[in-house]
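Student: Give me a 3D structure for the following:
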Amino acid sequence: MKRSGPLLTLLAGLLLGLFMLSLNATTGEKPTSAAVQPSASGKPSPGTKASPGTAPAQPSAPPSPSPARTAVPEGVYTGRTDDDSSAVAITVRDDKAIAYVCDGRNVESWLQGDVKDDGSLRLTGKGGASLDARVKGARQIRGTAHVGSGGHAFTIGRTEKSSGFYRANGNVAGARIEGGWIVLPDGEQVGILKRDGKPSPAPGIDPETGAVTVDGQQLTARPVTP
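Tutor: So this is what the prediction gives:
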């Protein structure tokens, strides 16, 4: 009796093994992708590098403080120049200033301008006249007036009500009258009166009322304010 049955079974097993080896070689597993997709929560999966974030903003430097204001007390300041050649008066109100410089004979100037935050004053008038000054202490103004042919340094103090400076305008005997007066703390008066533009020493005024008599006619000189 032939033993062909076991041989056929063995041959069939060998063929099946070769077929399986050939199938695995041609249909191997696909490599896994290294890319990692974000999870449903929006957070990257472990091993994923996060994109570099924006560096936190550095706090900005605080703004520089504004310069402190040097207050100039409002009021009237009067006095004489250091060389005693003229009188100076300055009135201050609401950061504005008006000044009058007068030698009592033929040189005078009206000036005006602003009071700066640092307590300085730069006033200007006709003919290139100027006055540069600065508050000194609580009740003084120190500066230089450039009126006429030169500069005149001065230190003047805040005055009481009876002193100050005054101005009068009017017409007397057909002439145009313009007068300016500075009344100093000791009662001295320095002023110029112009008749149709011609200067001469001014007559005295009553500081309480401002009354002044010019060529027999009474005028009223009023305190000067900005």
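
Student: Residue 97 contacts residue 124, correct?
Tutor: No - Residue 97 is beyond contact range of residue 124, at 11.1 Å (criterion: Cβ atoms under 8 Å). From N, CA and C alone the C-beta is placed, and that goes for glycine too.

Student: Need the overlap of contacts for the two.
Tutor: Both residue 97 and residue 124 are contacted by 112, 113, under the criterion Cβ atoms under 8 Å, 6 or more residues apart in numbering.

Student: So which of those two has more stuff around it?
Tutor: residue 97 (24 against 15; other Cβ atoms under 10 Å).

Student: ok, what's across the strand from the more buried one?
Tutor: As for beta bridges, residue 97 partners with residue 92, residue 113 under DSSP bridges.

Student: Over to residue 143?
Tutor: With DSSP bridges as the rule, residue 143 is bridged to residue 133, residue 154.

Student: do the same with residue 195
Tutor: Beta-bridge partners of residue 195, as defined by DSSP bridges: residue 177, residue 198.

Student: Moving C-terminal from the lowest-mean-pLDDT helix or strand in the chain, which element do we reach first?
Tutor: Of all helical and strand segments in the chain, the minimum by mean pLDDT, DSSP states H and E falls on helix 4-26, at a mean of 58. Next in sequence after helix 4-26, counting helices and strands by DSSP states H and E, comes strand 75-80.

Student: Show me what counts as buried in that following strand.
Tutor: Across strand 75-80, burial judged by 16 or more other Cβ atoms under 10 Å covers 76, 77, 78, 79, 80.

Student: again with stretch 182-202
Tutor: Buried residues in stretch 182-202, defined by neighbour count with 16+ other Cβ under 10 Å: 182, 183, 184, 189, 190, 191, 192, 193, 194, 195, 199, 202.

Student: what's the span of stretch 92-111, first residue to last?
Tutor: Criterion Cα to Cα, to the nearest Å; first-to-last residue distance in stretch 92-111 is 12 Å.

Student: for the record, mean pLDDT for that stretch?
Tutor: Average pLDDT, stretch 92-111: 95.

Student: Now do the buried residues in it.
Tutor: Quick answer for stretch 92-111 (16+ other Cβ under 10 Å): 92, 96-104, 107-111.
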